[in-house]
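In: Got a predicted structure here, sequence first:
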Amino acid sequence: MSLIHAECERAIAAPAETVYAFLADYGDRHPRILPTDSFFDVTVLEGGTGDGTLVAYRFLAGGRERSYRLRVSEPKPGVTLVERDELSTMVMTYTVTPEGDSATCRVKITGEWQGAGGVEGIMERTFAPAALRSIYERELALLDEAVKSA
C-alpha cells in the first residue's frame, strides 16, 4: 500500500476569517459547497461547527460509492480544518491563508489515504488523484460563489 495524495488550491475573493467560518459551519454553510453529483446524504451527527463535529455522507467518484464518517479537528483554529474518516484512512485538510490585501485568501484542500495494493492499487494511484482534484476544483468554485453571495 502507498499513500495517495490529491490537492487543489484557489484564491477566494473574501477575507480569510469569513471563508474559514464558512468552512467550519458544517450544519448550514459547508454542505452548500459540496458538489451534489459527488456528495449525498450529508448529515451532521454531532456538533455542527468546527472542532469535534462529526459529519457523515456518501461519496461517489470514478463510478464507486463509499460512506464516510468524518471527525473534524482544528489543529490551527482559523487556519486549518482537518476531517479524519472513522471508517478508513482518508484525511481531508482545508487550509485558509490570508493574501496580501486581507480582502482575499487562498484555500487549499488536501486529501490523503492509504491506497489499495496490487492491480487495484495501481489503478487507484493512477486515476484517483486527478478525479479528486477535479471534485476539489468544483468545491472551491462553489465556495468562491457562496461567500460572494453570503
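Out: The structure has been received and is ready for your questions.
In: Every contact and neighbour count from this point should use C-alpha atoms.
Out: Will do.
In: any weak-confidence spans in this structure?
Out: 1, 115-128 (pLDDT under 70).
In: hey, where'd the strands end up in the protein?
Out: 3-12, 39-46, 54-61, 64-76, 80-85, 91-98, 105-114 (DSSP state E).
In: And those: which comes nearest R133?
Out: strand 3-12 (5.8 Å; CA to CA).
In: Show me which residues of the closest one are buried.
Out: For strand 3-12, a neighbour-count test (16 or more other CA atoms under 10 Å) marks I4, H5, A6, E7, C8, E9, R10, A11, I12 as buried.
In: Tell me how far T43 lies from S2.
Out: 30 Å (CA to CA, to the nearest Å).
In: pretty sure D144 contacts E9?
Out: No. Taking contacts as CA atoms under 8 Å, D144 lies outside contact range of E9: 11.6 Å.
In: Neighbour count for T43 and S2, which is higher?
Out: Just comparing T43 and S2: by other CA atoms under 10 Å the higher neighbour count belongs to T43, 16 against 12.
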